[in-house]
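Novice: what's the 3D shape of this:
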Amino acid sequence: MEAIASSVQQVLEEAGLEAEASLVVAASGGIDSTVLLDVLDGLGYPLHVAHLDHALRPDSAADSRFVGDEAQRRGLPYSIERRDVGEYARTEGLSLEEAGRRQRYAFLDQVADRVGADLIALGHHADDQAETVILRLLRGSGATGLGGMEIVREGRYLRPLLRVRRAEIEKYARQRGLRYREDPSNRDPRFLRNRVRGELMPLLKSYNPNIAEVLNRTATLLKTEDNLLVELTQDALDTVICERYNDKVALDSTRLLAYHIAVQRRVLRAALQGLAAADGPFDFARVEQVRGWIGTGDKRLRVLSAGLKGQGAGPRYILRRGQRPPVSRCFDIPGVLVLREHGVQIRVQVVSPDRFDKSQLGGTRVALDADRLGARVQVRSLRPGDRFQPLGMEGHKKLSNFLIDAKWPKISRDEVLVLTQGEEIAWVAPLRSSHAFRIQSNTRRIALCTLRQWDGD
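Specialist: Residues are numbered from 1 along each chain as shown. Sure thing, here's the model as predicted:
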């Protein structure tokens, strides 16, 4: 018994848990969570017991009563709730396992937030870890997945028993005379984890009696190496990402391809997951597909999923999610217009010619004749049939043809805005101003127009 308490205490100290820290203990009523509750209670931490009834068995309410009675016997506060996991699984199109996991963590988070707990303690142990590694291997996980469960995840979920074997937990329960509930669903062969536990693990033990220890050691080694790759990937992301917004990431293709292939894959997975977490996790095949497009310099517009696209554009590779909504807004000049839906700000200042500095001009900053532009302008999205006279050209040109000639990628076409006076386009932002609004020798006032990203400040 002392061995388990010592192991748990060491884990808590490594996690940086202070003596007065409060914990929500996830209690199913089974042997694992009952032993966890007993150990933590014995160590003197402030505890709050939390139990979720998944409503999957006719006798599940008895588990709730058992947990409530046990908490009362120990003089501990507790929270018990019932949720129809089966209905949730059907509504969301999830497996029962995944639906139960989501509902369970949502419930535990809500309880922890309500009672102000520092961490949520879960009853996973070393045999669970071995099974998790096998499950993830069967699903084709990389080093991150094969690193198994973490002792502390997201700074919130704590697994104090992760270094303790199931046999030790059973021995502890016998010696302490603990009562607990047996969940028959833990033997249901419909669940893959149960088949791994009841069929595959015994078979692997016939090859290596210490297979659980081996898998736990492998997970520890891979987790350490994965942590190093996470640091390298973060450094690479800071170098490779040249533009980032809520719905867009632009990568420097040359810099990306200069990294080791393992870092390339992780950078791409992180970029994709950051844009479209709901479409993930992004498996090896999808990540490798994007890496192949970047490696070959592919410039075609590619659809990765219903809402996610990718396209090479010069030295960059752009990943985009969804479409930016069309806009049409008027404002007075001088003035500032913020387009939150596009994440940009357009500022127009009016200056005299003697204060005009040509060196500051570029695609995102242009100079127009303020008197020609007028006192009120419109900023809008592109429309079919738009035409304008690019600066330096004699005739008008279709805006669609201008964008093609400028090699503006299709994936970013909805980011282009036009500043207009009436029906006439004065500036195609951020590409070119109009010849009709150019600065001339008789220009008396100059409108300096600037487009920049808006981050809410």
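Novice: phi, psi of residue 152?
Specialist: Listed backbone geometry of residue 152 is phi -130, psi 120, with angles given as degrees, to the nearest 10.
Novice: buried stuff in stretch 382-389?
Specialist: Going by neighbour count (16 or more other CB atoms under 10 Å), the buried part of stretch 382-389 is 382, 386, 388, 389. For the C-beta atoms, the positions are set from N, CA and C on the backbone; glycine is no exception.
Novice: in those, find the pair that's most separated.
Specialist: Of all pairs drawn from the buried residues of stretch 382-389, the widest gap by CB to CB lies between 382 and 389 and measures 16.2 Å.
Novice: next secondary structure after the helix or strand residue 120 falls within?
Specialist: Take DSSP states H and E as the rule and residue 120 turns out to sit in strand 119-121. For strand 119-121, the succeeding helix or strand toward the C-terminus, using DSSP H and E, is helix 126-138.
Novice: so what touches that next one?
Specialist: Outside helix 126-138, the residues that touch it by CB atoms under 8 Å, 6 or more residues apart in numbering are 32, 145-146, 148-149, 161-166, 192-193, 196-197, 200-201, 204, 211-213, 215-216, 218-219.
Novice: same check, this time on stretch 71-80
Specialist: Applying CB under 8 Å, 6+ apart, the set of residues contacting stretch 71-80 is 27, 37, 41, 47-53, 64, 67-68, 111, 114-115.
Novice: same thing but 6 Å
Specialist: Contact with stretch 71-80 is made by 41, 47, 48, 49, 50, 51, 64, 68, 111, as judged by CB atoms under 6 Å, 6 or more residues apart in numbering.
Novice: tell me the contacts of the last one?
Specialist: The neighbours of residue 111, taking CB under 6 Å, 6+ apart as the test, are 24, 50, 79.
Novice: start to end distance for stretch 136-147?
Specialist: By CA to CA, to the nearest Å, the extent of stretch 136-147 from end to end equals 9 Å.
Novice: average pLDDT for that stretch?
Specialist: Averaging pLDDT along stretch 136-147 yields 85.
Novice: buried residues in that stretch?
Specialist: By neighbour count on 16+ other CB under 10 Å, the buried set for stretch 136-147 is 136, 141, 142, 144, 145, 146, 147.
Novice: can you put the residues you listed in JSON lines and add distance to residue 300?
Specialist: As requested, those are arranged in JSON lines below (distance: CB to CB, whole Å):
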{"residue": "136", "distance to residue 300": "34"}
{"residue": "141", "distance to residue 300": "31"}
{"residue": "142", "distance to residue 300": "28"}
{"residue": "144", "distance to residue 300": "30"}
{"residue": "145", "distance to residue 300": "31"}
{"residue": "146", "distance to residue 300": "35"}
{"residue": "147", "distance to residue 300": "36"}
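Novice: nearest to residue 257, of those?
Specialist: Checking those against residue 257 by CB to CB gives residue 142 as the nearest, at 19.8 Å.
Novice: turn the contacts of stretch 71-80 into JSON lines, columns for secondary structure, distance to residue 285 and pLDDT.
Specialist: Conversion of the contacts of stretch 71-80 to JSON lines gives the following (DSSP: H, G, I helix; E, B strand; the rest coil; distance: CB to CB, whole Å; pLDDT from 0 to 100):
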{"residue": "41", "secondary structure": "helix", "distance to residue 285": "48", "pLDDT": "93"}
{"residue": "47", "secondary structure": "strand", "distance to residue 285": "45", "pLDDT": "95"}
{"residue": "48", "secondary structure": "strand", "distance to residue 285": "43", "pLDDT": "96"}
{"residue": "49", "secondary structure": "strand", "distance to residue 285": "43", "pLDDT": "96"}
{"residue": "50", "secondary structure": "strand", "distance to residue 285": "39", "pLDDT": "96"}
{"residue": "51", "secondary structure": "strand", "distance to residue 285": "40", "pLDDT": "96"}
{"residue": "64", "secondary structure": "helix", "distance to residue 285": "43", "pLDDT": "93"}
{"residue": "68", "secondary structure": "helix", "distance to residue 285": "47", "pLDDT": "95"}
{"residue": "111", "secondary structure": "helix", "distance to residue 285": "39", "pLDDT": "96"}
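Novice: just put the buried residues of stretch 382-389 in CSV and tack on pLDDT, distance to residue 101 and secondary structure.
Specialist: Below are the buried residues of stretch 382-389 laid out as CSV (pLDDT from 0 to 100; distance: CB to CB, whole Å; DSSP: H, G, I helix; E, B strand; the rest coil):
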residue, pLDDT, distance to residue 101, secondary structure
382, 95, 45, coil
386, 95, 51, coil
388, 94, 55, strand
389, 94, 60, coil
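Novice: any idea how this protein splits into domains?
Specialist: Using automatic domain parsing, the domains assigned to the chain come out as 2-216, 246-321, 328-453.
Novice: which SSE is immediately downstream of the helix or strand bottoming out on mean pLDDT in the chain?
Specialist: Lowest by mean pLDDT, DSSP states H and E among the helices and strands of the chain is helix 143-146, with a mean of 83. Towards the C-terminus, the helix or strand next in line after helix 143-146, according to DSSP H and E, is strand 152-153.
Novice: would you list every one of the strands in the stretch 101-250 of the chain?
Specialist: All strands of the stretch 101-250 of the chain, identified by DSSP state E, counting those that start in this stretch, fall at 119-121, 152-153, 157-158, 241-245, 248-252.
Novice: strands paired with the second one, and their directions?
Specialist: The strands that strand 152-153 pairs with in its sheet are strand 157-158 (antiparallel) (by DSSP bridges).
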